[in-house]
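K.L.:
With the input below, show me the fold.
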Amino acid sequence: MDDIKSAVQDYILREFLPGESPEELRAETPLITGGILDSISTLKLVAFLEETFGITVEAHEAGVAHLDSIERIADLVESKTNAA
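P.N.:
Okay, here's the model as predicted:
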């Protein structure tokens, strides 16, 4: 699970928060409700998750309930990879 969190954190820092300190983006930092991700960046994140982890994120999973923190994203990815 730490590998998933690390990959997601690196991606978000690189794509959406360039120059931001990694310490500022914690596993529980709100991404969507905190304004870090908007609708377009959320779609980019979903594409990254699908490509990187070989999963399919369903439409009902592409929202705050599953993608609002690195912790929630890691839980989603782990549950999908375990189910496969």
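
K.L.:
make it CA atoms for all contacts and neighbour counts henceforth
P.N.:
Fine.

K.L.:
Next, work out how far apart G35 and D3 are.
P.N.:
25 Å (C-alpha to C-alpha, to the nearest Å).

K.L.:
What of E23?
P.N.:
For E23, the distance to D3 - C-alpha to C-alpha - is 16 Å.

K.L.:
show me where the chain has helices.
P.N.:
2-16, 39-53, 64-67, 70-83 (DSSP state H).

K.L.:
Export those to CSV and append columns for distance to P30, mean pLDDT and mean neighbour count.
P.N.:
CSV is the format used below for the helices of the chain (distance: least, C-alpha to C-alpha, whole Å; pLDDT from 0 to 100; neighbours: other C-alpha atoms under 10 Å):
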stretch, distance to P30, mean pLDDT, mean neighbour count
helix 2-16, 12, 97, 15
helix 39-53, 13, 97, 15
helix 64-67, 9, 97, 18
helix 70-83, 8, 96, 17
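
K.L.:
Nice, that's everything, thank you.
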